[in-house]
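> Got a predicted structure plus its sequence, pasted below:
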Amino acid sequence: MAHNIILQPSRTLMEFRLLPKLTTSQTAIDKISLKTPLVYSSDSQRKYNLNIPIVSAAMQSVSGSRMGIELAKLGGCAFIFCSQPIDEQVAMVSTIKHSKAGFVKPKVVPPYMLISELHKLRLSTDYNVFPVTDENNRLLGIITRNDFDRTLHGSLQVQDRMIPRANLVTGVNTINLKSANAILVESHQSVLPIVDENDKLLYLVFRKDIEDHLNNPLQVVDHQKRLICTAAINTHDYKERINELVNEGIDALCIDSSDGYTEFQKNVLEWSLSEYPDVPVIGGNVVTADGFRYLVDHGARAIKIGMGSGSICITQEQKGTGRGLATAIIAVSDARDKYFSETGKYIPLIADGGIVNSKDLVIALALGADYAMMGRYFARMEESPTETVTINNRIMKPYWGEGSNRAREWQQRRYHQATFAEGVEGFVEYAGKLKDNIDRTIMKIKSTLSTCGVSSIPELHQHAELELVSSLSIREGKVHDVFVPQNNDYLGDNDQF
(Lines give C-alpha, C1' and ligand atoms only; values in the text may rest on other atoms or scores of the structure.)
Protein backbone atom coordinates (compact mmCIF):
# COMPACT_ATOMS: atom_id res chain seq x y z
CA MET A 1 0.00 0.00 0.00
CA ALA A 2 1.17 3.56 -0.70
CA HIS A 3 2.92 5.42 2.11
CA ASN A 4 0.32 8.18 2.02
CA ILE A 5 -3.04 8.43 0.28
CA ILE A 6 -4.77 11.83 0.20
CA LEU A 7 -8.48 11.41 -0.35
CA GLN A 8 -9.26 15.11 -0.68
CA PRO A 9 -9.13 16.07 -4.38
CA SER A 10 -6.56 18.62 -5.51
CA ARG A 11 -8.10 21.85 -6.71
CA THR A 12 -7.70 23.95 -9.82
CA LEU A 13 -7.71 27.74 -10.02
CA MET A 14 -11.07 27.79 -11.80
CA GLU A 15 -12.76 26.32 -8.70
CA PHE A 16 -12.17 29.43 -6.58
CA ARG A 17 -13.72 32.87 -6.43
CA LEU A 18 -12.59 35.97 -4.54
CA LEU A 19 -15.00 37.64 -2.16
CA PRO A 20 -15.32 41.44 -2.48
CA LYS A 21 -14.25 43.82 0.26
CA LEU A 22 -14.61 47.55 0.79
CA THR A 23 -13.12 49.60 -2.03
CA THR A 24 -11.72 52.90 -0.81
CA SER A 25 -10.05 55.90 -2.38
CA GLN A 26 -6.73 54.24 -1.54
CA THR A 27 -7.66 51.07 -3.42
CA ALA A 28 -9.02 52.74 -6.53
CA ILE A 29 -7.62 51.31 -9.74
CA ASP A 30 -5.25 54.22 -10.34
CA LYS A 31 -3.68 53.71 -6.88
CA ILE A 32 -2.86 50.03 -7.33
CA SER A 33 0.74 48.83 -7.68
CA LEU A 34 1.50 45.43 -9.20
CA LYS A 35 5.21 45.53 -8.32
CA THR A 36 6.43 42.11 -7.24
CA PRO A 37 9.85 40.54 -6.52
CA LEU A 38 11.44 38.48 -9.27
CA VAL A 39 13.84 36.67 -6.91
CA TYR A 40 15.04 36.83 -3.33
CA SER A 41 18.17 38.93 -2.87
CA SER A 42 20.01 40.06 0.22
CA ASP A 43 21.82 42.69 -1.86
CA SER A 44 19.64 45.70 -2.57
CA GLN A 45 21.82 46.58 -5.57
CA ARG A 46 21.04 43.24 -7.21
CA LYS A 47 17.39 43.05 -6.25
CA TYR A 48 14.99 43.13 -9.16
CA ASN A 49 11.29 43.84 -8.97
CA LEU A 50 8.89 43.22 -11.81
CA ASN A 51 6.33 45.96 -12.36
CA ILE A 52 3.69 43.51 -13.56
CA PRO A 53 3.20 39.97 -12.21
CA ILE A 54 3.63 38.27 -15.58
CA VAL A 55 6.58 36.54 -17.27
CA SER A 56 6.75 34.45 -20.43
CA ALA A 57 7.71 30.77 -20.33
CA ALA A 58 11.05 29.41 -21.49
CA MET A 59 9.64 27.87 -24.66
CA GLN A 60 10.79 27.79 -28.28
CA SER A 61 7.43 29.04 -29.51
CA VAL A 62 7.18 31.80 -26.90
CA SER A 63 10.30 33.53 -25.61
CA GLY A 64 12.71 34.86 -28.21
CA SER A 65 14.69 38.08 -28.13
CA ARG A 66 11.80 40.15 -29.51
CA MET A 67 9.50 38.93 -26.74
CA GLY A 68 12.25 39.60 -24.19
CA ILE A 69 12.63 43.21 -25.32
CA GLU A 70 8.95 44.07 -25.50
CA LEU A 71 7.93 42.35 -22.27
CA ALA A 72 10.76 43.99 -20.27
CA LYS A 73 9.62 47.37 -21.61
CA LEU A 74 6.11 46.64 -20.33
CA GLY A 75 7.24 45.65 -16.83
CA GLY A 76 7.76 41.88 -17.00
CA CYS A 77 10.44 39.63 -18.43
CA ALA A 78 10.85 36.68 -20.79
CA PHE A 79 12.80 33.54 -19.93
CA ILE A 80 14.90 32.71 -23.00
CA PHE A 81 14.58 28.98 -23.69
CA CYS A 82 17.55 26.62 -23.27
CA SER A 83 16.51 23.96 -25.81
CA GLN A 84 19.01 25.40 -28.29
CA PRO A 85 22.80 25.63 -28.64
CA ILE A 86 24.50 27.80 -26.04
CA ASP A 87 25.79 30.36 -28.53
CA GLU A 88 22.31 30.90 -29.97
CA GLN A 89 20.80 31.44 -26.53
CA VAL A 90 23.62 33.85 -25.64
CA ALA A 91 23.00 35.76 -28.88
CA MET A 92 19.34 36.23 -27.89
CA VAL A 93 20.38 37.50 -24.47
CA SER A 94 22.90 39.88 -26.08
CA THR A 95 20.20 41.30 -28.33
CA ILE A 96 17.99 42.06 -25.34
CA LYS A 97 20.75 43.53 -23.17
CA HIS A 98 21.91 45.85 -25.94
CA SER A 99 18.49 46.92 -27.19
CA LYS A 100 18.15 49.78 -24.70
CA ALA A 101 21.09 50.74 -22.62
CA GLY A 102 20.64 54.34 -21.45
CA PHE A 103 24.34 55.12 -21.06
CA VAL A 104 25.85 53.17 -23.94
CA LYS A 105 29.49 52.15 -24.17
CA PRO A 106 30.06 53.16 -27.78
CA LYS A 107 32.03 51.69 -30.67
CA VAL A 108 34.62 54.35 -31.51
CA VAL A 109 36.55 54.91 -34.73
CA PRO A 110 39.81 56.79 -35.49
CA PRO A 111 39.75 60.00 -37.56
CA TYR A 112 41.88 58.50 -40.35
CA MET A 113 39.56 55.54 -41.06
CA LEU A 114 38.27 55.53 -44.64
CA ILE A 115 34.56 56.08 -45.16
CA SER A 116 34.47 52.84 -47.17
CA GLU A 117 35.79 50.97 -44.12
CA LEU A 118 33.31 52.73 -41.86
CA HIS A 119 30.47 51.62 -44.12
CA LYS A 120 31.55 47.99 -43.79
CA LEU A 121 31.78 48.40 -40.02
CA ARG A 122 28.29 49.86 -39.91
CA LEU A 123 26.87 46.91 -41.83
CA SER A 124 28.66 44.35 -39.65
CA THR A 125 27.66 45.94 -36.32
CA ASP A 126 24.29 47.47 -37.26
CA TYR A 127 25.45 50.69 -35.52
CA ASN A 128 24.59 54.03 -37.10
CA VAL A 129 26.45 56.43 -34.80
CA PHE A 130 30.21 56.34 -34.24
CA PRO A 131 32.17 58.68 -31.96
CA VAL A 132 35.54 59.68 -33.37
CA THR A 133 38.39 59.66 -30.84
CA ASP A 134 42.16 60.00 -30.78
CA GLU A 135 44.64 57.49 -29.36
CA ASN A 136 43.90 58.76 -25.82
CA ASN A 137 40.14 58.36 -26.28
CA ARG A 138 39.56 62.11 -26.37
CA LEU A 139 36.46 63.06 -28.30
CA LEU A 140 37.16 64.55 -31.73
CA GLY A 141 33.69 64.36 -33.24
CA ILE A 142 30.81 62.11 -34.25
CA ILE A 143 29.89 60.60 -37.58
CA THR A 144 26.50 59.07 -38.37
CA ARG A 145 25.09 57.26 -41.36
CA ASN A 146 23.57 60.59 -42.49
CA ASP A 147 26.98 62.25 -42.73
CA PHE A 148 28.35 60.32 -45.68
CA ASP A 149 27.48 58.58 -48.91
CA ARG A 150 29.29 55.34 -49.57
CA THR A 151 29.68 56.07 -53.30
CA LEU A 152 30.55 59.76 -53.13
CA HIS A 153 32.74 59.74 -50.01
CA GLY A 154 34.21 56.23 -49.91
CA SER A 155 37.79 57.41 -50.46
CA LEU A 156 37.60 60.18 -47.83
CA GLN A 157 38.57 59.82 -44.18
CA VAL A 158 36.14 59.94 -41.27
CA GLN A 159 37.54 63.30 -40.13
CA ASP A 160 36.52 64.79 -43.48
CA ARG A 161 32.83 64.05 -42.91
CA MET A 162 32.39 63.99 -39.12
CA ILE A 163 30.65 66.60 -37.00
CA PRO A 164 33.62 68.18 -35.17
CA ARG A 165 33.87 68.35 -31.39
CA ALA A 166 33.45 72.13 -31.41
CA ASN A 167 29.94 71.74 -32.83
CA LEU A 168 28.82 69.13 -30.28
CA VAL A 169 27.02 69.61 -27.00
CA THR A 170 28.24 67.11 -24.40
CA GLY A 171 27.36 66.01 -20.88
CA VAL A 172 29.63 65.32 -17.92
CA ASN A 173 30.05 61.94 -16.25
CA THR A 174 27.88 62.90 -13.25
CA ILE A 175 24.77 63.48 -15.34
CA ASN A 176 21.61 61.38 -15.05
CA LEU A 177 19.12 60.40 -17.74
CA LYS A 178 16.66 63.13 -16.81
CA SER A 179 19.30 65.82 -17.20
CA ALA A 180 20.62 64.21 -20.37
CA ASN A 181 17.14 64.38 -21.85
CA ALA A 182 16.87 68.07 -21.05
CA ILE A 183 20.19 68.76 -22.76
CA LEU A 184 19.21 66.74 -25.82
CA VAL A 185 15.96 68.68 -26.19
CA GLU A 186 17.80 72.00 -26.11
CA SER A 187 20.68 70.89 -28.34
CA HIS A 188 18.57 69.42 -31.15
CA GLN A 189 21.00 66.48 -31.21
CA SER A 190 19.85 62.86 -31.43
CA VAL A 191 22.78 61.66 -29.33
CA LEU A 192 24.63 63.12 -26.36
CA PRO A 193 28.29 62.21 -25.74
CA ILE A 194 29.23 61.90 -22.07
CA VAL A 195 32.84 62.88 -21.30
CA ASP A 196 35.05 63.21 -18.24
CA GLU A 197 36.95 66.30 -17.08
CA ASN A 198 39.69 65.60 -19.64
CA ASP A 199 37.19 65.34 -22.50
CA LYS A 200 37.70 61.58 -22.73
CA LEU A 201 34.63 59.81 -24.06
CA LEU A 202 32.73 57.64 -21.57
CA TYR A 203 29.24 56.96 -22.97
CA LEU A 204 26.60 57.95 -25.45
CA VAL A 205 23.00 58.71 -24.52
CA PHE A 206 20.48 58.40 -27.34
CA ARG A 207 17.32 60.47 -27.61
CA LYS A 208 15.39 57.41 -28.80
CA ASP A 209 16.32 55.54 -25.60
CA ILE A 210 15.01 58.35 -23.41
CA GLU A 211 11.81 58.65 -25.45
CA ASP A 212 11.40 54.90 -25.18
CA HIS A 213 11.80 55.15 -21.42
CA LEU A 214 9.20 57.91 -21.21
CA ASN A 215 6.77 55.87 -23.33
CA ASN A 216 7.30 52.78 -21.17
CA PRO A 217 7.43 53.94 -17.56
CA LEU A 218 7.08 50.40 -16.19
CA GLN A 219 10.08 48.95 -18.01
CA VAL A 220 12.43 46.84 -15.90
CA VAL A 221 16.14 47.65 -16.18
CA ASP A 222 19.35 46.64 -14.45
CA HIS A 223 21.81 48.91 -12.63
CA GLN A 224 23.32 49.91 -15.99
CA LYS A 225 19.89 50.94 -17.32
CA ARG A 226 19.78 47.94 -19.67
CA LEU A 227 16.60 45.92 -20.05
CA ILE A 228 16.40 43.01 -17.66
CA CYS A 229 16.94 39.59 -19.19
CA THR A 230 16.39 36.12 -17.75
CA ALA A 231 17.16 32.72 -19.23
CA ALA A 232 16.54 29.03 -18.67
CA ILE A 233 19.24 26.43 -18.06
CA ASN A 234 19.16 22.63 -17.84
CA THR A 235 20.87 20.09 -15.59
CA HIS A 236 23.23 18.80 -18.31
CA ASP A 237 25.47 21.49 -19.80
CA TYR A 238 24.72 24.01 -17.05
CA LYS A 239 28.33 24.84 -16.21
CA GLU A 240 29.24 25.95 -19.72
CA ARG A 241 25.84 27.55 -20.32
CA ILE A 242 25.86 29.54 -17.08
CA ASN A 243 29.42 30.75 -17.72
CA GLU A 244 28.46 32.13 -21.12
CA LEU A 245 25.17 33.65 -19.97
CA VAL A 246 26.77 35.38 -16.99
CA ASN A 247 29.48 36.82 -19.24
CA GLU A 248 26.72 38.29 -21.41
CA GLY A 249 25.13 40.02 -18.41
CA ILE A 250 22.19 37.73 -17.59
CA ASP A 251 20.17 38.95 -14.59
CA ALA A 252 18.61 35.71 -13.36
CA LEU A 253 18.53 32.04 -14.34
CA CYS A 254 15.81 29.43 -14.14
CA ILE A 255 16.25 25.65 -14.16
CA ASP A 256 13.79 24.34 -16.72
CA SER A 257 12.21 21.03 -15.70
CA SER A 258 8.76 19.56 -15.17
CA ASP A 259 10.09 17.96 -11.97
CA GLY A 260 12.44 20.08 -9.89
CA TYR A 261 12.53 17.93 -6.76
CA THR A 262 15.76 16.17 -7.79
CA GLU A 263 19.42 15.88 -6.84
CA PHE A 264 20.22 17.12 -10.34
CA GLN A 265 18.76 20.53 -9.52
CA LYS A 266 20.54 20.52 -6.19
CA ASN A 267 23.84 20.06 -8.03
CA VAL A 268 23.06 22.98 -10.35
CA LEU A 269 22.06 25.25 -7.47
CA GLU A 270 25.11 24.44 -5.37
CA TRP A 271 27.56 24.87 -8.26
CA SER A 272 26.01 28.12 -9.40
CA LEU A 273 25.93 29.50 -5.85
CA SER A 274 29.62 28.73 -5.37
CA GLU A 275 30.72 30.14 -8.75
CA TYR A 276 28.29 33.05 -9.21
CA PRO A 277 26.71 33.93 -5.85
CA ASP A 278 25.36 37.24 -7.21
CA VAL A 279 23.37 35.61 -10.03
CA PRO A 280 20.08 34.24 -8.63
CA VAL A 281 18.80 30.87 -9.82
CA ILE A 282 15.13 29.91 -9.79
CA GLY A 283 14.33 26.25 -9.06
CA GLY A 284 11.37 24.07 -9.94
CA ASN A 285 8.89 22.94 -10.84
CA VAL A 286 7.50 21.59 -7.55
CA VAL A 287 4.02 20.97 -6.17
CA THR A 288 4.77 20.04 -2.55
CA ALA A 289 6.16 21.69 0.56
CA ASP A 290 9.00 19.16 0.67
CA GLY A 291 10.02 20.04 -2.88
CA PHE A 292 10.04 23.73 -2.02
CA ARG A 293 12.19 23.30 1.08
CA TYR A 294 14.65 21.00 -0.67
CA LEU A 295 15.41 23.50 -3.43
CA VAL A 296 15.46 26.56 -1.18
CA ASP A 297 17.81 24.88 1.28
CA HIS A 298 20.23 24.35 -1.60
CA GLY A 299 20.16 27.93 -2.85
CA ALA A 300 17.08 28.54 -5.01
CA ARG A 301 16.11 32.24 -4.94
CA ALA A 302 12.57 31.69 -6.26
CA ILE A 303 10.43 28.63 -6.94
CA LYS A 304 8.20 27.66 -9.85
CA ILE A 305 5.02 25.78 -8.98
CA GLY A 306 3.08 23.46 -11.26
CA MET A 307 3.17 20.02 -12.81
CA GLY A 308 0.99 18.88 -15.67
CA SER A 309 -1.41 21.84 -15.63
CA GLY A 310 -0.25 23.66 -18.78
CA SER A 311 -2.49 23.68 -21.85
CA ILE A 312 -0.05 21.60 -23.92
CA CYS A 313 1.40 19.52 -21.04
CA ILE A 314 0.52 15.81 -20.77
CA THR A 315 2.78 14.90 -17.83
CA GLN A 316 -0.17 13.86 -15.65
CA GLU A 317 -1.59 11.73 -18.43
CA GLN A 318 1.72 10.12 -19.34
CA LYS A 319 3.26 9.64 -15.90
CA GLY A 320 0.39 9.92 -13.43
CA THR A 321 2.28 12.60 -11.49
CA GLY A 322 1.09 16.11 -10.81
CA ARG A 323 -1.33 18.18 -8.81
CA GLY A 324 -4.03 20.77 -9.31
CA LEU A 325 -2.32 24.15 -9.45
CA ALA A 326 -4.45 25.77 -6.74
CA THR A 327 -3.69 23.02 -4.23
CA ALA A 328 0.00 23.14 -5.20
CA ILE A 329 0.18 26.91 -4.64
CA ILE A 330 -1.56 26.61 -1.27
CA ALA A 331 0.87 23.91 -0.09
CA VAL A 332 4.01 25.65 -1.31
CA SER A 333 3.02 29.14 -0.18
CA ASP A 334 2.36 27.76 3.31
CA ALA A 335 5.89 26.30 3.28
CA ARG A 336 7.25 29.62 1.98
CA ASP A 337 5.58 31.56 4.81
CA LYS A 338 7.02 29.16 7.40
CA TYR A 339 10.46 29.51 5.83
CA PHE A 340 10.13 33.30 5.96
CA SER A 341 9.22 33.15 9.67
CA GLU A 342 12.29 30.98 10.35
CA THR A 343 14.87 32.83 8.25
CA GLY A 344 13.53 36.27 7.32
CA LYS A 345 14.09 35.38 3.64
CA TYR A 346 11.09 35.88 1.38
CA ILE A 347 11.19 33.46 -1.56
CA PRO A 348 8.98 34.52 -4.50
CA LEU A 349 6.68 31.88 -5.96
CA ILE A 350 5.79 31.55 -9.64
CA ALA A 351 2.51 29.96 -10.76
CA ASP A 352 3.45 28.05 -13.91
CA GLY A 353 0.72 26.52 -16.09
CA GLY A 354 -3.01 26.14 -15.70
CA ILE A 355 -3.78 29.86 -16.01
CA VAL A 356 -6.54 30.10 -18.59
CA ASN A 357 -7.69 33.70 -18.19
CA SER A 358 -7.23 36.85 -16.13
CA LYS A 359 -9.38 35.67 -13.23
CA ASP A 360 -7.22 32.55 -12.88
CA LEU A 361 -4.14 34.74 -12.71
CA VAL A 362 -5.57 36.81 -9.86
CA ILE A 363 -6.69 33.67 -8.02
CA ALA A 364 -3.12 32.34 -8.27
CA LEU A 365 -1.81 35.60 -6.82
CA ALA A 366 -4.36 35.59 -4.01
CA LEU A 367 -3.43 32.01 -3.06
CA GLY A 368 0.19 33.05 -2.57
CA ALA A 369 1.97 33.29 -5.92
CA ASP A 370 4.00 36.43 -6.59
CA TYR A 371 3.73 36.26 -10.36
CA ALA A 372 2.69 33.93 -13.13
CA MET A 373 4.63 32.30 -15.92
CA MET A 374 2.57 31.72 -19.06
CA GLY A 375 3.13 30.16 -22.43
CA ARG A 376 -0.07 30.08 -24.43
CA TYR A 377 -0.89 33.69 -23.58
CA PHE A 378 2.37 34.87 -25.17
CA ALA A 379 2.48 32.35 -28.02
CA ARG A 380 -0.51 34.18 -29.54
CA MET A 381 1.29 37.50 -29.74
CA GLU A 382 2.92 39.23 -32.67
CA GLU A 383 6.22 39.21 -30.76
CA SER A 384 6.45 35.42 -30.28
CA PRO A 385 9.08 33.73 -32.50
CA THR A 386 6.67 31.86 -34.79
CA GLU A 387 5.02 32.95 -38.04
CA THR A 388 1.26 33.27 -38.50
CA VAL A 389 -0.64 30.69 -40.55
CA THR A 390 -4.24 30.65 -41.77
CA ILE A 391 -6.39 27.67 -40.80
CA ASN A 392 -10.08 27.61 -41.77
CA ASN A 393 -9.96 31.38 -42.37
CA ARG A 394 -8.58 32.02 -38.88
CA ILE A 395 -5.12 33.49 -38.27
CA MET A 396 -3.17 31.16 -35.98
CA LYS A 397 0.33 30.74 -34.59
CA PRO A 398 2.05 27.39 -33.91
CA TYR A 399 2.48 26.45 -30.26
CA TRP A 400 4.32 23.49 -28.79
CA GLY A 401 5.53 22.51 -25.36
CA GLU A 402 9.11 21.99 -24.29
CA GLY A 403 8.15 18.42 -23.45
CA SER A 404 6.94 17.76 -26.99
CA ASN A 405 8.90 15.68 -29.48
CA ARG A 406 9.54 18.81 -31.54
CA ALA A 407 11.24 20.65 -28.68
CA ARG A 408 13.07 17.59 -27.38
CA GLU A 409 14.61 16.75 -30.73
CA TRP A 410 17.57 19.04 -30.01
CA GLN A 411 18.00 17.58 -26.52
CA GLN A 412 17.97 14.04 -27.88
CA ARG A 413 20.69 14.88 -30.40
CA ARG A 414 22.81 16.76 -27.86
CA TYR A 415 22.59 14.42 -24.88
CA HIS A 416 21.67 11.14 -26.62
CA GLN A 417 18.77 10.63 -24.25
CA ALA A 418 15.83 8.35 -24.94
CA THR A 419 12.78 10.36 -23.95
CA PHE A 420 9.02 10.32 -24.42
CA ALA A 421 6.69 13.20 -25.04
CA GLU A 422 5.26 15.13 -22.09
CA GLY A 423 3.79 17.85 -24.32
CA VAL A 424 1.95 18.26 -27.59
CA GLU A 425 1.97 20.54 -30.63
CA GLY A 426 -0.95 22.68 -31.74
CA PHE A 427 -2.06 26.15 -32.78
CA VAL A 428 -3.37 29.19 -30.92
CA GLU A 429 -5.36 32.05 -32.36
CA TYR A 430 -3.34 35.14 -33.19
CA ALA A 431 -4.04 37.94 -30.70
CA GLY A 432 -2.10 40.90 -32.08
CA LYS A 433 0.42 43.17 -30.38
CA LEU A 434 1.72 42.31 -26.92
CA LYS A 435 1.19 45.79 -25.51
CA ASP A 436 -2.52 45.86 -26.40
CA ASN A 437 -3.11 42.52 -24.68
CA ILE A 438 -0.95 43.27 -21.63
CA ASP A 439 -2.68 46.59 -21.04
CA ARG A 440 -6.08 44.89 -21.06
CA THR A 441 -4.89 42.08 -18.77
CA ILE A 442 -3.30 44.48 -16.27
CA MET A 443 -6.48 46.57 -16.15
CA LYS A 444 -8.48 43.45 -15.22
CA ILE A 445 -5.99 42.49 -12.49
CA LYS A 446 -6.09 46.00 -11.01
CA SER A 447 -9.87 46.04 -11.15
CA THR A 448 -10.00 42.78 -9.20
CA LEU A 449 -7.61 44.05 -6.53
CA SER A 450 -9.70 47.18 -6.20
CA THR A 451 -12.84 45.10 -5.69
CA CYS A 452 -10.99 43.08 -3.05
CA GLY A 453 -10.11 46.27 -1.19
CA VAL A 454 -6.33 45.99 -1.59
CA SER A 455 -3.75 48.12 -3.41
CA SER A 456 -0.88 45.67 -3.92
CA ILE A 457 -0.03 42.00 -4.29
CA PRO A 458 1.39 41.72 -0.73
CA GLU A 459 -1.90 43.14 0.58
CA LEU A 460 -3.78 40.61 -1.55
CA HIS A 461 -1.77 37.83 0.12
CA GLN A 462 -2.68 39.14 3.56
CA HIS A 463 -6.33 40.10 3.14
CA ALA A 464 -7.84 38.07 0.29
CA GLU A 465 -10.84 35.88 1.02
CA LEU A 466 -11.48 33.00 -1.35
CA GLU A 467 -14.32 30.55 -1.60
CA LEU A 468 -14.51 27.15 -3.24
CA VAL A 469 -17.38 27.13 -5.72
CA SER A 470 -19.49 24.34 -7.15
CA SER A 471 -19.73 23.43 -10.83
CA LEU A 472 -23.26 24.90 -10.87
CA SER A 473 -21.95 28.13 -9.36
CA ILE A 474 -19.29 28.32 -12.08
CA ARG A 475 -21.99 27.79 -14.68
CA GLU A 476 -24.17 30.46 -13.07
CA GLY A 477 -21.32 32.97 -13.29
CA LYS A 478 -21.19 32.70 -17.06
CA VAL A 479 -23.55 34.17 -19.64
CA HIS A 480 -26.64 31.99 -19.81
CA ASP A 481 -30.17 31.96 -21.20
CA VAL A 482 -29.38 34.58 -23.83
CA PHE A 483 -28.19 34.48 -27.42
CA VAL A 484 -24.89 36.30 -27.90
CA PRO A 485 -23.93 37.02 -31.54
CA GLN A 486 -20.38 36.10 -32.47
CA ASN A 487 -19.48 39.71 -33.28
CA ASN A 488 -20.52 40.85 -29.79
CA ASP A 489 -17.80 42.52 -27.72
CA TYR A 490 -18.34 39.97 -24.93
CA LEU A 491 -15.55 37.40 -25.07
CA GLY A 492 -16.63 34.87 -22.47
CA ASP A 493 -14.46 31.77 -22.60
CA ASN A 494 -12.57 33.32 -25.52
CA ASP A 495 -11.00 35.65 -22.97
CA GLN A 496 -8.43 32.95 -22.50
CA PHE A 497 -4.66 33.26 -22.45
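Arrived safely.
> least trustworthy helix or strand in this structure by mean pLDDT?
helix 405-415 (a mean of 56; mean pLDDT, DSSP states H and E).
> List the contacts of A372.
With contact taken as C-beta atoms under 8 Å, 6 or more residues apart in numbering, A372 is in contact with 53-55, 350-352, 355, 361, 364-365. Just so you know, the C-beta spots here come from the backbone N, C-alpha and C atoms, and that holds for glycine as well.
> Tell me which of those fall in strands.
54-55, 350-352 (DSSP state E).
> re earlier: so which of the contacts of A372 sits lowest on pLDDT?
Among these, I355 has the lowest pLDDT, at 90.
> which of the residues in the helix or strand just after the least confident helix or strand of the chain are buried?
Scanning forward in sequence from helix 405-415 by DSSP states H and E, the next helix or strand is strand 425-429. For strand 425-429, burial by neighbour count (16 or more other C-beta atoms under 10 Å) applies to 426-428.
> Same question for stretch 127-145.
129-133, 137, 139-144.
> where does the stretch 251-400 of the chain have low pLDDT?
Low-confidence segments of the stretch 251-400 of the chain (pLDDT under 70): 308-318.
> now the helices for it?
263-275, 289-297, 315-319, 325-343, 358-367, 376-379 (DSSP state H, counting those that start in this stretch).
> Just put these in JSON lines and tack on mean neighbour count and distance to D149.
As requested, those are exported to JSON lines (neighbours: other C-beta atoms under 10 Å; distance: least, C-beta to C-beta, whole Å):
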{"stretch": "helix 263-275", "mean neighbour count": "17", "distance to D149": "50"}
{"stretch": "helix 289-297", "mean neighbour count": "20", "distance to D149": "59"}
{"stretch": "helix 315-319", "mean neighbour count": "16", "distance to D149": "60"}
{"stretch": "helix 325-343", "mean neighbour count": "20", "distance to D149": "60"}
{"stretch": "helix 358-367", "mean neighbour count": "24", "distance to D149": "53"}
{"stretch": "helix 376-379", "mean neighbour count": "28", "distance to D149": "42"}
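> for those helices, which one sits closest to Q189?
Nearest of the helices of the stretch 251-400 of the chain to Q189, taken as C-beta to C-beta: helix 376-379 at 37.1 Å.
> hmm, who's touching that closest one?
Residues contacting helix 376-379 (C-beta under 8 Å, 6+ apart): 54, 56-57, 59, 61-63, 67, 71, 78, 310-312, 355, 384, 386, 397-399, 428, 434, 437, 441, 496-497.
> where's R475, which helix or strand?
Short version, using DSSP H and E: R475 is in helix 471-476.
> do L118 as well
Judged by DSSP H and E, L118 forms part of helix 115-125.
> what residues are up against I115?
Per C-beta under 8 Å, 6+ apart, neighbours of I115: 148, 150, 153-158, 160-161.
> and it, how far is that from D297?
61 Å (C-beta to C-beta, to the nearest Å).
> again with L472
In terms of C-beta to C-beta, L472 sits 44 Å off from D297.
> what sits against the residue located most distally from the centre of the chain?
Distance to the chain centre peaks in the chain at S155, reaching 45.9 Å (criterion: C-alpha atoms, centre = their mean). S155 makes contacts with 114-116, as judged by C-beta under 8 Å, 6+ apart.
> hang on, the earlier thing: JSON lines please, covering the helices of the stretch 251-400 of the chain and showing distance to T12.
Output for the helices of the stretch 251-400 of the chain, formatted as JSON lines (distance: least, C-beta to C-beta, whole Å):
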{"stretch": "helix 263-275", "distance to T12": "26"}
{"stretch": "helix 289-297", "distance to T12": "19"}
{"stretch": "helix 315-319", "distance to T12": "12"}
{"stretch": "helix 325-343", "distance to T12": "6"}
{"stretch": "helix 358-367", "distance to T12": "9"}
{"stretch": "helix 376-379", "distance to T12": "16"}
